[in-house]
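Engineer: Sequence first, predicted coordinates after that:
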Amino acid sequence: MRLADPLRWTLAALVLASPLALQAAGKCERLVATGTADNPPFVWRDGKRLAGANVELLERIAKNLGLKLEVLHTGDAGKALEEVRSGRIDILLDAPLQAERLAEMDFIHPPIARLESFAWVRNEPGFLYATPADLRGRRGLRVAGDSLSEASGLPDLKPGRDLGQAVAALTRGDADFVLYERYGALARLEQPLLEKIQRLTPAVARRSMHLALSHDSACNDPWLRGQLALQMTELQAAGVPELLLVDNLVRWKEQKPAGEAPAKN
């Protein structure tokens, strides 16, 4: 009878371990992701595919988990969001954390990046700034469709058609500041124009960017959510997302994809 004990313990260990293994290799062997096609350096369209720091980040995670990954180009932010909300696509690559989306998606923590909208001013002395309240009464511009700047709470911000035009107006003296997210500005503005402006700290508005898993995704289960969070924690601790952002800023500026060239003065 004692000879059966080792066998019994072996079988028990296999039974206890099997649920995790079955979940890992069960219904979710393949993930499908999408993101905003014009959100450099996080995600952008490169020909028929999506590229960017967030794409590379999820590729690493999928490889570590032994999952196949397909990244699809679906269009702008609204179209990408709708595909994930519907469950037709599993993961949104660049989801800003918004309370109204919590009923539709699980946001993976920690975030990929902290998005911060700054006041950009001419690179010259004389602009006294300590808090966002110091911008009140100044002539401010925001870029149409920039939801982070729209949520800043600053009144009387005039919309500009695009970042290049807004910054050009700033350098001409037609505005006192332009409100825009840091990474987006670094990606979209050419170096000569960047040298004419500076960003004021602290930031005016903040929001975190996450991987987000659709509630209606067939892959959305406790094992995958836990593994995504674990992978993100380890990669953040190693500084990987920041390194990918720097690499992709350089790559974006070098290749200048068709239809989205960095802004010039």
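Structural biologist: Received it, and whenever you're ready, just let me know what you need. Computed from a predicted model, the values in this text were never measured in an experiment. Residues are numbered from 1 along each chain as shown.

Engineer: All the strands of the stretch 101-250 of the chain, residue numbers only.
Structural biologist: In the stretch 101-250 of the chain, the strands defined using DSSP state E, counting those that start in this stretch lie at 105-107, 113-122, 140-143, 158-160, 177-181, 197-214.

Engineer: Identify the neighbouring strands of the first one in the sheet and state each direction.
Structural biologist: In its sheet, strand 105-107 lies beside strand 197-214 (antiparallel), with partners assigned from DSSP bridges.

Engineer: Could you give the backbone dihedrals for L102?
Structural biologist: phi -70, psi -20 (degrees, to the nearest 10).

Engineer: and the spatially most central residue of the chain, which of the three is it?
Structural biologist: With distances taken as CA atoms, centre = their mean, D94 lies nearest the centre of the chain, 3.5 Å away. Under DSSP: H, G, I helix; E, B strand; the rest coil, D94 falls in the strand class.

Engineer: Thought T34 was touching it, still the case?
Structural biologist: No: if you go by CB atoms under 8 Å, D94 and T34 don't touch, sitting 9.4 Å apart. Any C-beta I mention is one placed from the backbone N, CA and C, and that applies to glycine too.

Engineer: wait, what's in contact with P202?
Structural biologist: P202 makes contact with T131, P132 under the criterion CB atoms under 8 Å, 6 or more residues apart in numbering.

Engineer: And it, how close does it get to A175?
Structural biologist: Applying CB to CB, to the nearest Å, the value for P202 to A175 is 21 Å.

Engineer: doesn't W44 make contact with A37?
Structural biologist: Yes: at 6.6 Å, A37 and W44 qualify as touching, with contact defined as CB under 8 Å.

Engineer: For the two, list the residues in contact with both.
Structural biologist: The contact sets of A37 and W44 overlap at L50 (CB under 8 Å, 6+ apart).

Engineer: Over to G87: give its phi and psi.
Structural biologist: According to degrees, to the nearest 10, G87 has phi 90, psi 0.

Engineer: can you pull the pLDDT of R45?
Structural biologist: pLDDT, R45: 94.

Engineer: Return the set of residues that bridge with it.
Structural biologist: Here R45 sits in beta bridges with L50, as judged by DSSP bridges.

Engineer: returning to that earlier point: need the contact list for the residue nearest to the centre of the chain.
Structural biologist: Counting by CB under 8 Å, 6+ apart, D94 has contacts G35, T36, N39, F42, V43, N54, I112, M209.

Engineer: repeat that with 7 Å
Structural biologist: G35, T36, N39, F42, V43, N54, M209 (CB atoms under 7 Å, 6 or more residues apart in numbering).

Engineer: just those now: which is nearest R188?
Structural biologist: Using CB to CB, N39 comes nearest to R188 of these, at 10.5 Å.

Engineer: and the closest one, how many neighbours does it have?
Structural biologist: Counted with other CB atoms under 10 Å, the neighbours of N39 add up to 24.

Engineer: What residues are bridge-paired with it?
Structural biologist: N39 forms beta bridges with V43, as assigned by DSSP bridges.

Engineer: mind checking pLDDT for it?
Structural biologist: Reported pLDDT for N39: 94.

Engineer: any idea how far L243 is from V167?
Structural biologist: V167 sits 27 Å away from L243, going by CB to CB.

Engineer: whoops, I mixed them up, D162
Structural biologist: In this view, D162 and L243 are 29 Å apart by CB to CB.

Engineer: Could you give the average pLDDT over stretch 194-206?
Structural biologist: 95.

Engineer: so where's the stretch 151-265 of the chain uncertain?
Structural biologist: For the stretch 151-265 of the chain, the stretches flagged by pLDDT under 70 are 256-265.

Engineer: give me that answer again for 90
Structural biologist: For the stretch 151-265 of the chain, applying pLDDT under 90 flags the ranges 151-161, 255-265.

Engineer: what about the helices in it?
Structural biologist: 163-172, 182-188, 191-194, 222-237, 240-255 (DSSP state H, counting those that start in this stretch).

Engineer: Out of these, flag the one nearest L67.
Structural biologist: So among the helices of the stretch 151-265 of the chain, helix 222-237 is nearest, using CB to CB, at 8.5 Å.
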